[in-house]
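# predicted coordinates and the sequence they were generated for:
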Amino acid sequence: MMRIFKYLMIIAVTGIIIQSCNKEDDGIIVVPPRDFAEVVLEDEAAIEEYLQTHFYYLNTTNPPSGFVDFIEFDTIAGANIGQTPLMDQVYTKELLVQDIPHKVYILKLDQGLGDAPKFTDSVVCVYKGNLLDGTLFDSGISPSRFDLTSVTRGFNQGVIEFNGSTGTIDNGDGTTSFTDFGRGAIFMPSGLAYFNESRPNIPAYSPLTFRLNLLQVNEADHDNDNVPSYLEDLDGDELIVDDDSDGDNFPDYLDTDDDGDGTPTREEDLEPDSDLTVDRDGDGDPTNDYGDGDPTNDDSDNDGIPNYLDPDSTASSQEDQ
């Protein structure tokens, strides 16, 4: 059955879940770090106690959060004593933080039938962030756009477990509806969030929970070099900032010349143009372009290293133009 989420077409581009580097201006307080191994045991015990004592429901008639067709949590007690604990409905995903295993707990109500985000993409979602005691620290009742390279690692790795929607419907009344979107919740220990940093309404060492509807997915190419950002994770650890092929202190996903050979990555795309209807160089003539739009499949010296990562291969598609 098609699921529809109706909203006013206003997309915000911010949120506390975005990692910030400006600690003083943002009221961020850093306390001395504790041992990751010690903290994660405490956090996961607290998360699992919460999951054992709470259940979810969808309140579509009068949601207390103001979110229509959105997940709500409540305590298993009294009239709710027979509800199924969240612990019986989540699955976990293990990540390493300084070689210490950390679990992300994921509640998946709906996978979503649209595109699946990569860990470097941008996404649009509605969301609500809480501490385990229910304190609200952030929310977006209107769709909000996030660059997944700029959010907490727990949020990043949770979101990519879902798919976006299949499309939108114009309702003719100033609102738009998303169809068949991903919907669920993410629970993360502080080591995958802010750890020893305190933020407004988030004390240091706080496990976090997010409920979300994932609406849109947009593939990202942060440096516009025609190599999608997720392909610039050369070691496959899904930590994009530690890949720097030429050692210039610019990670590859933000480096327009990945191998530092003086030829921009875009120009190391050498094959003849395979699509004569796309004007790749913007000169008004789509028939005179060079390259197929993919620098990753050019290897002039056949050494198994694509030109854009091979400092010995400096040929440019612009040399004969």
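Sure, I can see it.

# now the longest helix anywhere in the chain: how far from the chain's centre is it?
Taking DSSP state H as the criterion, the chain has its longest helix at helix 36-53. The chain centre lies 24 Å from the centre of helix 36-53; the measure is CA atoms, centre = their mean, to the nearest Å.

# again, but for stretch 120-129
On CA atoms, centre = their mean, the centre of stretch 120-129 falls 7 Å from that of its chain.

# returning to what we had before: next secondary structure after the longest helix of the chain?
strand 54-58 (DSSP states H and E).

# and that following strand, what does it pack onto?
Contact here means 3 or more CB pairs under 8 Å, 6 or more residues apart in numbering; DSSP states H and E; on that basis strand 54-58 packs against strand 71-75, strand 100-110. In this view, the C-beta of every residue, glycine as well, is placed from N, C-alpha and C.

# in the helix or strand following the last one, what's buried?
In this case it means strand 100-110. Counting by DSSP H and E, the element after strand 100-110 in chain order, helix or strand, is strand 122-131. By neighbour count on 16 or more other CB atoms under 10 Å, the buried set for strand 122-131 is Ser122, Val123, Val124, Cys125, Val126, Tyr127, Lys128, Gly129, Asn130.

# need the max-distance pair from these.
The span of the buried residues of strand 122-131, defined through CB to CB, is set by Ser122 and Asn130 at 23.7 Å.

# just the local confidence number for Gly284, please.
pLDDT, Gly284: 69.

# with Leu113 instead?
So Leu113 comes in at 97 (pLDDT).

# excluding covalently adjacent residues, which one is nearest to it?
Asp180 (4.0 Å; CB to CB, 6 or more residues apart in numbering).

# ok, Thr168 next?
Thr168 sits nearest to Thr176 (CB to CB, 6+ apart), 5.0 Å away.

# what's around the one you found, how many residues?
17 (other CB atoms under 10 Å).

# where does it land in three-state SS?
Three-state call for Thr176 (DSSP: H, G, I helix; E, B strand; the rest coil): strand.

# same question, Gly154
Under three-state DSSP, Gly154 comes out as helix.

# and it, what is it in contact with?
Leu95, Val104, Ile186, Met188, Pro189, Leu192, Ala193, Leu208 (CB atoms under 8 Å, 6 or more residues apart in numbering).

# ok, those vs Leu215, which is closest?
Ile186 (15.8 Å).

# list the contacts for Glu161?
Lys93, Ile106, Lys108, Gly184.

# these two touch, right, the third one and Asn163?
No. Using CB atoms under 8 Å, Lys108 makes no contact with Asn163, being 10.4 Å away.

# now the common contact residues for these two.
By CB under 8 Å, 6+ apart, the residues touching both Lys108 and Asn163 are Gly182.

# nearest spatial neighbour of the residue nearest the centre of the chain, skipping sequence neighbours?
Geometric centre of the chain, nearest residue: Leu148, 3.1 Å, by CA atoms, centre = their mean. Once flanking residues are discounted, Leu148 sits nearest to Asn156: 5.0 Å by CB to CB, 6+ apart.

# JSON lines for the helices and strands packed on strand 54-58, including mean neighbour count, mean pLDDT and distance to Gly304?
Formatted as JSON lines, those follow (neighbours: other CB atoms under 10 Å; pLDDT from 0 to 100; distance: least, CB to CB, whole Å):
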{"stretch": "strand 71-75", "mean neighbour count": "16", "mean pLDDT": "93", "distance to Gly304": "47"}
{"stretch": "strand 100-110", "mean neighbour count": "19", "mean pLDDT": "97", "distance to Gly304": "34"}
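
# since that was my last question, I'll sign off now.
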